[in-house]
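Asker: A structural model of the following input is requested.
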Amino acid sequence: MAEREAFDDLTEDDLRVVFEDADYVAGDELTTAVYLSLKMGKPLLVEGEPGSGKTELGKVLAEGFETDLVRLQCYEGLAAEHTLYEWNYTKQMLAVQSGEGAVEGAGGDGEAGDGSESGSVFSEEYLFERPLLAALTHDGETPPVLLIDEVDRADEEFEAFLLEVLSDFQASIPEYGTVAAERRPVVVITSNRTRGLSDALKRRCLYCYVEPPAFEEELEIVRRKVPELDAAVAAEVCGVVGELREKAFLKQPGVAETLDWARAVATLRTDGDASGLTAEEIQRSVGTLVKEAEDVQRIDAELLERLEAAAREARTAVET
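Answerer: The predicted structure is shown next:
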């Protein structure tokens, strides 16, 4: 397998520039984890609460290194083979019926073949590439970014299937053969920790847990992503979200919800209104922050008063 020449000269400072250009706020721990993943050619497993920017990381890397993003969205009941390939059964049947195709395998148990000599219907011509195979066969100058998103939603059988791909960056296709990557893709695996992942999968990855951002970090994210919102109001938004996270809600608001609410506040205001957030304004737009009926019902007059106070406190902190 070829070495990862694309990242031989990469430095941590180069990676920070990639994040800076994308307005992606990454702490030192995450930056170092990504850097080591790129230099060592190992998958990176990123865990954290929903809405903490894990998926965005894969997108930022693909854009920053000007390469393709291959995304595999995991879900319950995901069939392992469907993440790798599917056969074009209709085309296969037509080829067999017309006498143009044979049913012998093109690659058997060895290396993948193209079926050009035998005219096999189990050749590349009849193969639909799914995300994992597309990442392995990518022939671009820079390796693609393979984003395996929310792997915890898939079952343990799928994890076991991933082991072959992540161990040797190759996969076996019955009747076709073994497909090996010429260059290892950049692999980012995300998990919301809805269930534990196997030790075998973890051993094949570097690991980083994305902590909820501190006030200053979240404010920087909001300022970058929602520049039209007044700076003091942006601080109030982060102060309110921080107060909400102290409550025992069924679903805590993540950074994604913070950004949604910041955009909602900016949309509801006109002419750059920089006045302080009010309890009424918070209540009107709370649907961008809180997504469970039970949590919405908990936002009563008393809590709204505390949220308004948290907003004022956050504004004071950045204005002094």
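Asker: show me where the stretch 101-250 of the chain has its strands.
Answerer: 102-105, 120-122, 127-129, 145-149, 170-173, 177-180, 186-191, 206-210 (DSSP state E, counting those that start in this stretch).
Asker: where does the stretch 1-150 of the chain dip in pLDDT?
Answerer: 1-5, 101-119 (pLDDT under 70).
Asker: re earlier: and the strands of the stretch 101-250 of the chain: which comes nearest Gln92?
Answerer: Evaluated over those, closeness to Gln92 peaks at strand 120-122, with 4.1 Å, by Cβ to Cβ. In short, each C-beta sits where N, CA and C put it, glycine included.
Asker: what's the offset of that closest one from the middle of its chain?
Answerer: A distance of 35 Å separates the centroid of the chain from that of strand 120-122, by Cα atoms, centre = their mean, to the nearest Å.
Asker: list the buried residues for that strand?
Answerer: 120-122 (16 or more other Cβ atoms under 10 Å).
Asker: which one of these is nearest to Leu44?
Answerer: When these are compared against Leu44 (criterion: Cβ to Cβ), the nearest one is Phe122, at 34.3 Å.
Asker: surely the closest one meets Ala95?
Answerer: No. Assessed by Cβ atoms under 8 Å, Phe122 is found out of contact with Ala95, at 10.7 Å.
Asker: nearest spatial neighbour of Leu45, chain-adjacent residues omitted?
Answerer: Cys205 (4.0 Å; Cβ to Cβ, 6 or more residues apart in numbering).
Asker: what pLDDT does the one you found get?
Answerer: pLDDT, the model's per-residue confidence, is 96 for Cys205.
Asker: hang on, the earlier thing: could you dump the strands of the stretch 101-250 of the chain into CSV and include distance to Phe161?
Answerer: Converted to CSV, the strands of the stretch 101-250 of the chain look like this (distance: least, Cβ to Cβ, whole Å):
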stretch, distance to Phe161
strand 102-105, 20
strand 120-122, 20
strand 127-129, 16
strand 145-149, 11
strand 170-173, 9
strand 177-180, 14
strand 186-191, 13
strand 206-210, 20
